[in-house]
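Engineer: pasting the sequence and the predicted coordinates here, then a few questions.
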Amino acid sequence: MSEGKVAIIGSGLIGRCWAMMFARSGYEVRIYDLSAELIEAALASVKEQLGGLFEVGLLDGQSVDDVNARVKGASTVAEALEGAIHCQECCPENVELKKKVFAGLDAAADDTIVLSSSSSCIAPSQFTEELKHRAQCLVAHPVNPPHY
């Protein structure tokens, strides 16, 4: 049984790690990035890394295939956010980029989703000031990596 759906925006190391953590916890995960190639590379990496977690007993008794089946790609931000209860943004630390990404998230968001940034040094007030869903935004920065 699924715990709900989580969107991951940005498929680099942090995005991949968040995807594994949420999938291991029972959430359906959709990863979005700027190209299909980046998404496919992320999905392959997630499966490989889940194998390593399995070997050291960190999948809570679940199989690699079961956890990996919860992680899929999304071709648009809207597709990633559709039905999601949480969105974890994992883009580079650049205020202008975060403003652009969060504007896109805001446009696709409903009034219930949590819009979370993995920012390590940028205050959310710097990229959420103009958003309709600003009250739903927060920063959740992991200790690297977040999947343990």
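Structural biologist: Thanks, I have the structure now. Here the structure is a predicted model, which is why all the values come from computation and not from measurement.

Engineer: find the residue closest to Leu115 in space, skipping its chain neighbours.
Structural biologist: Nearest non-adjacent residue to Leu115, counting by Cβ to Cβ, 6 or more residues apart in numbering: Cys137, 4.7 Å away. (C-beta placed from N, C-alpha, C; glycine too.)

Engineer: wait, the one you found sits on Gln126?
Structural biologist: No. Using Cβ atoms under 8 Å, Cys137 is not in contact with Gln126, being 11.3 Å away.

Engineer: for the two, indicate the residue with more neighbours.
Structural biologist: Using other Cβ atoms under 10 Å, the more surrounded residue of Cys137 and Gln126 is Cys137, with 21 against 12.

Engineer: which residues touch that one?
Structural biologist: Phe102, Leu115, Ser116, Ser117, Pro124, Thr128, Leu131 (Cβ atoms under 8 Å, 6 or more residues apart in numbering).

Engineer: same question, Ala7
Structural biologist: Counting by Cβ under 8 Å, 6+ apart, Ala7 has contacts Val29, Arg30, Tyr32, Ala74, Val77, Ala80, Leu81, Ala84, His86, Cys87, Gln88.

Engineer: past the strand or helix carrying it, which element shows up next along the chain?
Structural biologist: Taking DSSP states H and E as the definition, one finds Ala7 inside strand 5-9. Per DSSP H and E, the first helix or strand lying C-terminal to strand 5-9 is helix 13-24.

Engineer: could I get that following helix in CSV with only the CA atoms?
Structural biologist: Once non-C-alpha atoms are left out, helix 13-24 reads as follows in CSV (Å, rounded to 0.1, in the frame of the first residue of the first chain):
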residue,chain,number,x,y,z
LEU,A,13,22.8,13.1,-6.2
ILE,A,14,20.5,14.8,-3.7
GLY,A,15,17.3,14.2,-5.8
ARG,A,16,18.2,10.5,-6.2
CYS,A,17,18.9,10.1,-2.5
TRP,A,18,15.6,11.7,-1.6
ALA,A,19,13.8,9.5,-4.1
MET,A,20,15.3,6.3,-2.5
MET,A,21,14.4,7.5,1.0
PHE,A,22,10.8,8.2,0.1
ALA,A,23,10.4,5.0,-1.9
ARG,A,24,11.9,2.9,0.9
